[in-house]
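Enquirer: no sequence on this one, just coordinates:
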């Protein structure tokens, strides 16, 4: 692991997003709440938050962080038959929270896939990316539109 002991503790923030595309039938099952495995978006939100908190256990050389905030939004988008996911993570620490935000999005979307794969194996996750980060020596980054 990289030595971050000499770095200053600062407020760190990261926002990541992604989506999972699916058939309209699958999206309607999710929205209707009649999926036989339960509340797909609620369970995916919980899975994403749990994964975010375990990032250092899952990705080699990531530092364990004490997170201050994990917000995870999952929103059905009928226009393109998808579920959009956005994670916002904050901490006061010596290293950034980009990996935690990306982990939250990945695992939330993977959970949607797992819960719906019996009815739609053609789902695809896409556009998983960092949108913004701040804090630390490298300063503020915002993905250009």
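Expert: That came through fine. Small disclaimer: the values here were computed from a predicted structure and weren't measured.
Enquirer: for the rest of this, base every contact and every neighbour count on C-alpha atoms.
Expert: OK.
Enquirer: so which residue is dead centre in this structure?
Expert: residue 105 (1.8 Å; Cα atoms, centre = their mean).
Enquirer: select the longest helix from this protein.
Expert: helix 98-116 (DSSP state H).
Enquirer: re the thing from before, the residue nearest to the centre of the chain reaches residue 127, doesn't it?
Expert: No - between residue 105 and residue 127 there is no contact under Cα atoms under 8 Å: 10.4 Å.
Enquirer: which residues of the chain score low on pLDDT?
Expert: Filtered on pLDDT under 70, the chain yields the residue ranges 5.
Enquirer: what segments of it are strands?
Expert: 10-21, 67-77, 82-93, 124-134, 141-142 (DSSP state E).
Enquirer: what does the shortest one contact?
Expert: Residues outside strand 141-142 that contact it (Cα atoms under 8 Å, 6 or more residues apart in numbering) are 131, 132, 133, 134.
Enquirer: again, 10 Å this time
Expert: 14, 15, 130, 131, 132, 133, 134, 135 (Cα atoms under 10 Å, 6 or more residues apart in numbering).
Enquirer: what do you get for stretch 42-50?
Expert: Residues outside stretch 42-50 that contact it (Cα under 10 Å, 6+ apart): 37, 41, 51-52, 54, 69-74, 85, 87, 89, 100-115.
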